[in-house]
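Visitor: No sequence on hand, only this structure:
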């Protein structure tokens, strides 16, 4: 398995996760351990845009958010502002663009792209379809995982469970299918000098 952080990650196996912490904040907890920083993590962050802003602003990482198409924002998610209903998904997108100073990049994510960026010392926070990544139709909605390495057939991921963050090898096709079916929301997180090039 190719993973430039393997030595650091092997020390982190079996990270305990508070039971009431959602999977997105659990991924931040994993990143916090890799980056060797300590911040107070809100347990209930659930939007990719909010998580991206938190990582940029609190962890001090120049992370870049991209998506291909989004099914993340469903039409029943509304927000009341000044007595008027507004689509919460668009508010979250506006918040990200206003606070981060840049736009969300549109790109088609492929195995080759992920491998190339992993080899340049980046890791990825992915928003994936829970039913596909867990191979269980009873799971619904999205799930966050951290992509940290790869080999010929699989990606190495940090996958938050109920009480632990597990390292597991998941077939590349499963990762891409789960990612694409949930809008291909990808946060590239540069770790080291070669990232971002």
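Guide: Yep, that arrived. Being a predicted model, the structure only gives us computed values, none of them experimental.
Visitor: so where's the chain shaky on pLDDT?
Guide: 12-13, 68-107, 192-197 (pLDDT under 70).
Visitor: Mind doing that once more with 80?
Guide: Scanning the chain for pLDDT under 80 picks out 1, 4-14, 67-108, 183, 192-197.
Visitor: Could you tell me the phi and psi values at the residue nearest the centre of it?
Guide: In the chain, the residue lying closest to the centroid (C-alpha atoms, centre = their mean) is residue 125, at 2.4 Å. Backbone torsions of residue 125, given as degrees, to the nearest 10, read phi -100, psi 120.
Visitor: gap between it and residue 153?
Guide: 22 Å (C-beta to C-beta, to the nearest Å). All C-beta atoms are positioned from the backbone trio N, CA, C, and that covers glycine.
Visitor: can you give me the strands in this structure?
Guide: Here the chain has its strands, by DSSP state E, at 15-16, 64-67, 78-81, 84-87, 105-106, 122-129, 142-150, 154-160, 164-171, 185-190.
Visitor: For those strands, could you give me a markdown table that also reports distance to residue 113?
Guide: Rendered in a markdown table, the data for the strands of the chain read as follows (distance: least, C-beta to C-beta, whole Å):
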| stretch | distance to residue 113 |
| --- | --- |
| strand 15-16 | 27 |
| strand 64-67 | 10 |
| strand 78-81 | 33 |
| strand 84-87 | 30 |
| strand 105-106 | 12 |
| strand 122-129 | 10 |
| strand 142-150 | 11 |
| strand 154-160 | 12 |
| strand 164-171 | 17 |
| strand 185-190 | 9 |
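Visitor: re the thing from before, so what's the nearest residue to the residue nearest to the centre of the chain once chain neighbours are set aside up against?
Guide: Excluding the flanking residues, the one nearest residue 125 by C-beta to C-beta, 6 or more residues apart in numbering is residue 187, at 4.1 Å. Residue 187 makes contact with 48, 51-52, 55, 63-66, 124-126, according to C-beta atoms under 8 Å, 6 or more residues apart in numbering.
Visitor: so which of the strands of the chain comes closest to residue 177?
Guide: Comparison of the strands of the chain against residue 177 by C-beta to C-beta identifies strand 122-129 as nearest, at 7.8 Å.
Visitor: what angle separates the closest one from strand 164-171?
Guide: 90 degrees (axes from the mean of the first three to the mean of the last three C-alpha atoms, to 10 degrees).
Visitor: Let the chain start at 440 from now.
Guide: Will do, 440 is the new start, and the previous item becomes strand 561-568.
Visitor: who does strand 561-568 pair up with?
Guide: strand 581-589 (antiparallel), strand 624-629 (antiparallel) (DSSP bridges).
Visitor: Now tell me what touches it from outside.
Guide: Contacts for strand 561-568 (C-beta under 8 Å, 6+ apart): 444, 466, 470, 473, 487, 490-491, 494, 502, 511, 553, 556-557, 581-587, 614, 616-618, 620-622, 624-630, 634-635.
Visitor: Show the buried residues in those residues.
Guide: 444, 466, 470, 473, 487, 490-491, 494, 502, 511, 553, 556-557, 581-587, 614, 617-618, 621-622, 624-630, 634 (16 or more other C-beta atoms under 10 Å).
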